[in-house]
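>>> Build the 3D model from these lines:
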Amino acid sequence: MPIPSEFNVAHGVGAICVFIGVVLHIIGLATPNWTTATFRYMNPLLSPSEYTADVSVGLWMDCDKGGCSTIKSYNLTGAWRAAGAFAILGMLSSFVTLAVAIVHIVMPFFQKLQFEVMSLVTLATSIATVMLIIICVSCFGGGVHNVFVWTEKSIGYSLVLSIIGGIVVFLGGVIFYIPRLRKT
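Alright, predicted model coming up:
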(Lines give C-alpha, C1' and ligand atoms only; values in the text may rest on other atoms or scores of the structure.)
Protein backbone atom coordinates (compact mmCIF):
# COMPACT_ATOMS: atom_id res chain seq x y z
CA MET A 1 0.00 0.00 0.00
CA PRO A 2 1.57 3.34 -1.03
CA ILE A 3 1.92 6.17 1.43
CA PRO A 4 -0.91 8.68 0.89
CA SER A 5 0.00 12.19 -0.21
CA GLU A 6 -1.73 13.58 2.90
CA PHE A 7 0.75 11.81 5.20
CA ASN A 8 3.21 14.19 6.80
CA VAL A 9 6.38 13.21 8.65
CA ALA A 10 5.61 15.80 11.34
CA HIS A 11 2.42 13.88 12.14
CA GLY A 12 4.43 10.69 12.66
CA VAL A 13 7.06 12.44 14.80
CA GLY A 14 4.36 14.19 16.83
CA ALA A 15 2.48 10.94 17.44
CA ILE A 16 5.69 9.19 18.53
CA CYS A 17 6.43 12.05 20.95
CA VAL A 18 2.89 11.83 22.34
CA PHE A 19 3.29 8.06 22.81
CA ILE A 20 6.62 8.49 24.62
CA GLY A 21 5.10 11.19 26.83
CA VAL A 22 2.13 8.96 27.70
CA VAL A 23 4.45 6.11 28.70
CA LEU A 24 6.64 8.41 30.83
CA HIS A 25 3.63 9.89 32.62
CA ILE A 26 2.13 6.45 33.30
CA ILE A 27 5.44 5.23 34.75
CA GLY A 28 5.63 8.34 36.93
CA LEU A 29 2.01 7.95 37.98
CA ALA A 30 2.39 4.29 38.92
CA THR A 31 5.71 4.33 40.76
CA PRO A 32 6.02 5.29 44.45
CA ASN A 33 8.89 7.73 44.25
CA TRP A 34 7.44 11.24 44.12
CA THR A 35 9.24 12.18 47.34
CA THR A 36 12.21 10.47 48.95
CA ALA A 37 13.18 11.11 52.54
CA THR A 38 15.53 9.98 55.27
CA PHE A 39 14.65 9.91 58.95
CA ARG A 40 17.56 10.17 61.36
CA TYR A 41 17.20 10.16 65.10
CA MET A 42 18.98 8.93 68.19
CA ASN A 43 17.50 5.93 69.96
CA PRO A 44 17.99 6.36 73.72
CA LEU A 45 17.58 2.62 74.27
CA LEU A 46 20.52 1.83 72.00
CA SER A 47 22.76 4.51 73.58
CA PRO A 48 24.74 6.53 71.07
CA SER A 49 23.59 4.72 67.93
CA GLU A 50 21.63 6.56 65.29
CA TYR A 51 18.58 5.08 63.58
CA THR A 52 18.14 5.80 59.88
CA ALA A 53 15.12 5.01 57.71
CA ASP A 54 14.90 5.74 54.00
CA VAL A 55 11.37 6.18 52.66
CA SER A 56 9.93 6.89 49.22
CA VAL A 57 6.37 8.11 48.81
CA GLY A 58 4.18 8.16 45.71
CA LEU A 59 0.62 9.16 44.99
CA TRP A 60 -0.82 5.92 46.38
CA MET A 61 2.06 3.89 47.87
CA ASP A 62 4.99 4.34 50.19
CA CYS A 63 8.09 2.18 50.44
CA ASP A 64 10.82 1.57 52.98
CA LYS A 65 13.37 -1.17 53.61
CA GLY A 66 10.57 -3.54 54.60
CA GLY A 67 8.72 -3.19 51.28
CA CYS A 68 5.90 -1.15 49.83
CA SER A 69 2.36 -0.64 51.05
CA THR A 70 -0.73 1.20 49.89
CA ILE A 71 -1.33 4.49 51.64
CA LYS A 72 -4.61 4.34 53.53
CA SER A 73 -7.21 6.77 52.18
CA TYR A 74 -7.71 8.37 55.60
CA ASN A 75 -4.01 9.36 55.58
CA LEU A 76 -4.31 11.24 52.29
CA THR A 77 -4.71 15.00 52.59
CA GLY A 78 -6.86 17.03 50.22
CA ALA A 79 -3.80 18.13 48.26
CA TRP A 80 -2.66 14.51 47.99
CA ARG A 81 -6.05 13.44 46.63
CA ALA A 82 -6.10 16.40 44.23
CA ALA A 83 -2.63 15.49 42.94
CA GLY A 84 -3.79 11.93 42.28
CA ALA A 85 -6.98 13.09 40.58
CA PHE A 86 -5.18 15.52 38.29
CA ALA A 87 -2.54 12.90 37.49
CA ILE A 88 -5.28 10.52 36.33
CA LEU A 89 -7.03 13.30 34.37
CA GLY A 90 -3.68 14.10 32.73
CA MET A 91 -3.27 10.45 31.80
CA LEU A 92 -6.79 10.30 30.30
CA SER A 93 -6.18 13.51 28.38
CA SER A 94 -2.92 12.10 27.03
CA PHE A 95 -4.79 8.96 25.89
CA VAL A 96 -7.24 11.16 23.96
CA THR A 97 -4.33 13.07 22.41
CA LEU A 98 -2.70 9.82 21.29
CA ALA A 99 -5.96 8.33 19.98
CA VAL A 100 -6.83 11.41 17.91
CA ALA A 101 -3.28 11.57 16.52
CA ILE A 102 -3.38 7.91 15.50
CA VAL A 103 -6.80 8.25 13.87
CA HIS A 104 -5.58 11.33 11.99
CA ILE A 105 -2.56 9.42 10.68
CA VAL A 106 -4.39 6.18 9.81
CA MET A 107 -7.44 7.64 8.04
CA PRO A 108 -5.69 8.49 4.73
CA PHE A 109 -4.40 4.92 4.44
CA PHE A 110 -8.00 3.73 4.23
CA GLN A 111 -9.06 6.45 1.77
CA LYS A 112 -11.18 8.07 4.44
CA LEU A 113 -11.63 11.79 4.58
CA GLN A 114 -9.15 13.55 6.79
CA PHE A 115 -10.59 16.11 9.16
CA GLU A 116 -8.37 19.15 9.57
CA VAL A 117 -9.91 19.76 12.97
CA MET A 118 -8.14 16.64 14.29
CA SER A 119 -4.80 18.47 14.28
CA LEU A 120 -6.38 21.21 16.36
CA VAL A 121 -7.94 18.65 18.74
CA THR A 122 -4.53 16.98 19.14
CA LEU A 123 -2.96 20.34 20.00
CA ALA A 124 -5.79 21.26 22.40
CA THR A 125 -5.69 17.95 24.27
CA SER A 126 -1.90 18.09 24.51
CA ILE A 127 -2.22 21.55 26.09
CA ALA A 128 -4.87 20.19 28.47
CA THR A 129 -2.55 17.28 29.35
CA VAL A 130 0.39 19.49 30.27
CA MET A 131 -1.87 21.85 32.26
CA LEU A 132 -3.41 18.96 34.23
CA ILE A 133 0.05 17.55 35.00
CA ILE A 134 1.28 20.99 36.09
CA ILE A 135 -1.70 21.24 38.47
CA CYS A 136 -0.98 17.70 39.73
CA VAL A 137 2.68 18.46 40.40
CA SER A 138 1.80 21.79 42.04
CA CYS A 139 -0.69 20.10 44.38
CA PHE A 140 1.84 17.44 45.31
CA GLY A 141 4.77 19.83 45.64
CA GLY A 142 2.96 22.46 47.69
CA GLY A 143 0.51 20.33 49.60
CA VAL A 144 2.36 17.07 50.15
CA HIS A 145 6.13 17.35 49.61
CA ASN A 146 6.56 20.59 51.56
CA VAL A 147 4.50 19.60 54.59
CA PHE A 148 6.66 16.62 55.53
CA VAL A 149 9.12 17.48 58.28
CA TRP A 150 11.72 14.86 57.51
CA THR A 151 15.42 15.28 58.15
CA GLU A 152 16.31 15.08 54.47
CA LYS A 153 13.87 15.04 51.58
CA SER A 154 14.10 15.39 47.83
CA ILE A 155 11.95 15.14 44.75
CA GLY A 156 11.80 11.58 43.43
CA TYR A 157 12.14 10.27 39.91
CA SER A 158 8.41 9.51 39.58
CA LEU A 159 7.48 13.17 39.84
CA VAL A 160 10.18 14.08 37.31
CA LEU A 161 8.95 11.39 34.88
CA SER A 162 5.41 12.76 35.07
CA ILE A 163 6.64 16.29 34.38
CA ILE A 164 8.78 15.16 31.44
CA GLY A 165 5.90 13.03 30.14
CA GLY A 166 3.56 16.02 30.16
CA ILE A 167 6.08 18.23 28.40
CA VAL A 168 6.78 15.57 25.74
CA VAL A 169 3.02 15.10 25.11
CA PHE A 170 2.69 18.87 24.69
CA LEU A 171 5.67 19.07 22.32
CA GLY A 172 4.24 16.14 20.35
CA GLY A 173 0.94 18.01 20.01
CA VAL A 174 2.74 21.13 18.78
CA ILE A 175 4.81 19.12 16.27
CA PHE A 176 1.62 17.38 15.12
CA TYR A 177 -0.05 20.77 14.52
CA ILE A 178 2.83 22.36 12.54
CA PRO A 179 1.75 20.98 9.11
CA ARG A 180 -1.63 22.65 9.54
CA LEU A 181 0.09 26.02 10.04
CA ARG A 182 1.94 25.56 6.77
CA LYS A 183 -1.33 24.97 4.87
CA THR A 184 -2.82 28.30 5.93
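>>> mind checking which helix or strand of the chain has the lowest mean pLDDT?
strand 35-42 (a mean of 74; mean pLDDT, DSSP states H and E).
>>> What pairs with whichever helix or strand comes after it, parallel or antiparallel?
On the C-terminal side of strand 35-42, the nearest following helix or strand under DSSP states H and E is strand 50-57. Sheet pairing for strand 50-57, assigned by DSSP bridges, gives strand 35-42 (antiparallel), strand 61-64 (antiparallel).
>>> Only the buried residues of strand 50-57, if you could.
55-57 (16 or more other CB atoms under 10 Å). In this view, the C-beta of every residue, glycine as well, is placed from N, C-alpha and C.
>>> how far is that strand from where the chain is centred?
26 Å (CA atoms, centre = their mean, to the nearest Å).
>>> Tell me the bridge partners for T38.
Applying DSSP bridges, one finds that T38 bridges with D54, E152.
>>> residue contacts, F86?
Neighbouring residues of F86 by CB atoms under 8 Å, 6 or more residues apart in numbering: 132-133, 135-136, 139.
>>> one step back: redo the buried residues of strand 50-57 as TSV? Include pLDDT and distance to V169.
Converted to TSV, the buried residues of strand 50-57 look like this (pLDDT from 0 to 100; distance: CB to CB, whole Å):
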residue	pLDDT	distance to V169
V55	84	30
S56	88	25
V57	87	25
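>>> Just give me the closest of those to G66.
V55 (10.3 Å; CB to CB).
>>> Looks like that closest one contacts D64 (just checking).
Yes. Judged on CB atoms under 8 Å, V55 makes contact with D64 at a distance of 5.0 Å.
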